[in-house]
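Participant: got a sequence here, can you build the structure:
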Amino acid sequence: MAIFDPAQQQHAPAGGTASEDEAADIFARLSERPAELLRFATAGSVDDGKSTLIGRLLYDSKQVLADQLEHVEQTSKQMGSDFLDLSLLTDGLRAEREQGITIDVAYRYFATAQRRFIIADTPGHEQYTRNMVTGASTADLAIVLIDARKGMLAQSKRHAFISSLLRIPHLVVCVNKMDLVDFDEEVFQGIVAEFEGFAAKLDVPDVTFIPISALLGDNVVERSEAMSWYQGPPLLYHLEHVHIASDRNLIDVRFPVQWVIRPRKRNPPTPAGSDYRAYAGQVAGGVLRAGDEVVVLPSGQRSKIAGIDTFDGPVQEAFPPMSVALRLEDDIDVSRGSTIARAQNQPAVSSSFECQLCWMSEQPLSPQRRYLVKHTTRTAAVSAIDVRYRIDLDELHRDESASTLQLNDLGRVRMELSSPLVFDSYRRNKITGSLIVIDEASNETVAAGVILDTETEIEDAPTLEPRPTQSPNVQWQRSELTRRARWESLGHVGATVWFTGLPGSGKSTIAGAVEELLVAAGRPAFLLDGDNLRHGLNGDLGFDEEARCENVRRTAHVARLFAEAGTIALVSLVSPYGCDREVASGLHAAHDLHFIEVFVDTPLEVCEQRDPKGLYARARAGEITGMTGVDAPYQAPEQPDLVLHSSKETVDAAVERVMQTLAARFLHPPQLDRLEGE
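Facilitator: As a prediction, this is how the structure comes out:
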């Protein structure tokens, strides 16, 4: 059987065949060079050319068997096509071929000298949204096709949004059928501008635009002579070279236990004979090494890794996606469903959380039905499920009136389980942040979900309708007393000084000392401490990401009112997310008020040694979750106005540096000339 040559394109024209000896040589050389695996999904509206593009990739990269090509040629003629219909290489179902559309998810595999690929060709029809979610759920990259004649359609936006929701790190927008618009650069640039405007609402870190003709092969494998104005690489080159190694989480150690290995006999021999006991599974995150201190969750028992075994023998370290067996130094209770993590970096352990679900069953979600949640190697019964809202994928806004989810619906739900899960947010770890929902009666998989509770998620970003920043039917009550008159009478201006850092970093101590010094100097100042605010104004808020965001928002508005009144508001708040601090800064900038960000940069180990409120000890013991620095992230400011090191300098020295910064910025008579419009 002859096969197309994927590695010797210079010796055969596109679409040419290679001999069996050449094929054997090709595969021998490919096997000598272990190739990295890239999973990618194609998406877009119906008839945008997804299947044709994949067929062209396979054909031009010489991945099509001779008998496959002969069958496609015959089928093309039978269907009345006067050209080789490469979409038939992926449209395998009879219904798909008859309708000329993709219904199911078609998977194809091919390789080049640089990489191995798994392609998921997902359907374009709205009613097959669940299939698109399935195909894209494991993808490293998504290709969204747009017909150059039609521009962006609703389904194009829908698939781009789902790709963003599933946190696919790389997005390639292929503007297809450029041959039907005379390879016009202006058409391509117009679509690029339109998509960039839409993508600004999404959380997509890497977007690449490529003009192509899947039918003719322009810019698919080889550069197009008809589009000399395009200076970028063809699609295959981009797929071969896009960097995906850093997309894996090699920081947070996560090892769901799938099986306990406990041989009953010494034949065959094991590393420790009949005393051998190991815990098998696939590494979901981080790097495991012998000697590492680990914790077994949800029990909270601790031990150290004694050794790491594989089918080929012991190894010194393990990382995703290796399948290994861990031996521990202590004989503790570990079973299927347990998760092994690093003792100083633990995931959340809870029986309640919020997640984004794609409903995949023709039977709508019903609180009266019994469901199970399958998460990594653990299964738990659902005791309560509440729909927060459904996402309208046409308008990309929340339908908060929804009380159930129908087939292909996407929505946010809150779940209560009969037993706790050990999880991260999907953004942090795709394996420990994803789940499926099973109907207990029929054993049908009815939904797939991504967990949202442990990090800032894109569904709360400007992807959807932003939450209102003020109550409806109200207007700001303007005062006859202007800011100019107020500040002129007081003899000083107002401002906000925002202290951020880990719990125990010394923020409140330094801010309190600054407050005393300012008041002693005749400058009105007031400390807005995070804990104090949670005794009243923010007392109704929890500590998940949404609550932390709201905590910062409320505090920022209070600080802004203090500053408006001529007081120096000293905010001491962990405020772990940079985006929230930017909102606070932007609020002040919008009202022409000074905002000084002070980062109290104290190492985590120093904060833990101090542990003034005992929270770190409780978090390490598993008594509380969501502790910043332990099992919740802290995003350090990139460009703060001032950085303090409380572990290296005294409180007095830190206070002096704060005062010097304030003196340089606004501690002087009010600049009334810039307040004329107030």
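
Participant: neighbours around the closest residue to Leu215 other than its chain neighbours, how many?
Facilitator: Spatial nearest neighbour of Leu215, excluding adjacent residues (C-beta to C-beta, 6 or more residues apart in numbering): Thr52 at 6.0 Å. Yep, even glycine has a C-beta here, placed from its N, CA and C like the rest. Using other C-beta atoms under 10 Å, the number of residues around Thr52 comes to 24.

Participant: helix or strand for Thr52, which one?
Facilitator: helix 50-60 (DSSP states H and E).

Participant: go on, Ile146?
Facilitator: For Ile146, the host element (DSSP H and E) is strand 141-147.

Participant: what residues of that strand count as buried?
Facilitator: Neighbour-count burial for strand 141-147 flags 141-147 (criterion: 16 or more other C-beta atoms under 10 Å).

Participant: returning to what we had before: distance from the chain centre to the helix holding Thr52, please.
Facilitator: Distance of helix 50-60 from its chain centroid, counting by C-alpha atoms, centre = their mean, to the nearest Å, is 29 Å.

Participant: repeat that for stretch 505-515.
Facilitator: Offset of stretch 505-515 from its chain centre (C-alpha atoms, centre = their mean): 35 Å.

Participant: using PDB, write out the CA atom coordinates for it.
Facilitator: Coordinates of the C-alpha atoms in stretch 505-515 are reproduced here as PDB (Å, rounded to 0.1, in the frame of the first residue of the first chain):
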ATOM      1  CA  SER A 505       2.900  41.100  55.300                       C
ATOM      2  CA  GLY A 506       2.600  44.100  57.600                       C
ATOM      3  CA  LYS A 507       0.200  46.200  55.600                       C
ATOM      4  CA  SER A 508      -2.100  47.200  58.500                       C
ATOM      5  CA  THR A 509       0.800  47.900  60.800                       C
ATOM      6  CA  ILE A 510       2.500  50.300  58.400                       C
ATOM      7  CA  ALA A 511      -0.800  51.900  57.200                       C
ATOM      8  CA  GLY A 512      -1.800  52.500  60.900                       C
ATOM      9  CA  ALA A 513       1.500  54.100  61.600                       C
ATOM     10  CA  VAL A 514       1.200  56.300  58.500                       C
ATOM     11  CA  GLU A 515      -2.300  57.300  59.700                       C
END
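
Participant: who's in contact with it?
Facilitator: 497, 499-501, 525-527, 529, 531, 570-574, 598, 600-602, 607, 610, 644, 646, 651-652, 654-655, 658-659 (C-beta atoms under 8 Å, 6 or more residues apart in numbering).

Participant: tell me how many other residues surround the closest residue to Gln346 other than its chain neighbours.
Facilitator: Nearest residue to Gln346, sequence neighbours excluded (C-beta to C-beta, 6+ apart): Asp631, at 4.8 Å. Residues lying near Asp631 (other C-beta under 10 Å) number 22.

Participant: quick check, Asp631 in contact with Ala348.
Facilitator: Yes. At 5.9 Å, Asp631 counts as touching Ala348 under the criterion of C-beta atoms under 8 Å.

Participant: sec struct for Asp531, please.
Facilitator: helix (DSSP: H, G, I helix; E, B strand; the rest coil).

Participant: could you measure the closest residue to Ser323 other than its chain neighbours against Asp331, distance?
Facilitator: Leaving out its chain neighbours, the residue that sits closest to Ser323 by C-beta to C-beta, 6+ apart is Gln282, at 4.8 Å. Gln282 sits 23 Å away from Asp331, going by C-beta to C-beta, to the nearest Å.

Participant: please apply the same query to Ala139.
Facilitator: 41 Å.

Participant: any idea how far Arg548 lies from Val204?
Facilitator: For Arg548, the distance to Val204 (C-beta to C-beta) stands at 24 Å.

Participant: hmm, I typed the wrong one, I wanted Tyr279.
Facilitator: Applying C-beta to C-beta to Tyr279 and Val204 gives a distance of 37 Å.

Participant: same deal with Gln356?
Facilitator: With distances taken as C-beta to C-beta, Gln356 is found 16 Å from Val204.

Participant: repeat for Tyr389
Facilitator: Tyr389 is 22 Å from Val204, where distance means C-beta to C-beta.

Participant: neighbouring contacts of the strand holding Ile146?
Facilitator: For strand 141-147, using C-beta under 8 Å, 6+ apart, the contacting residues are 38-45, 47-50, 53, 136, 152-153, 156, 159-160, 163, 168-177, 191, 195, 214, 235, 239, 242, 244.
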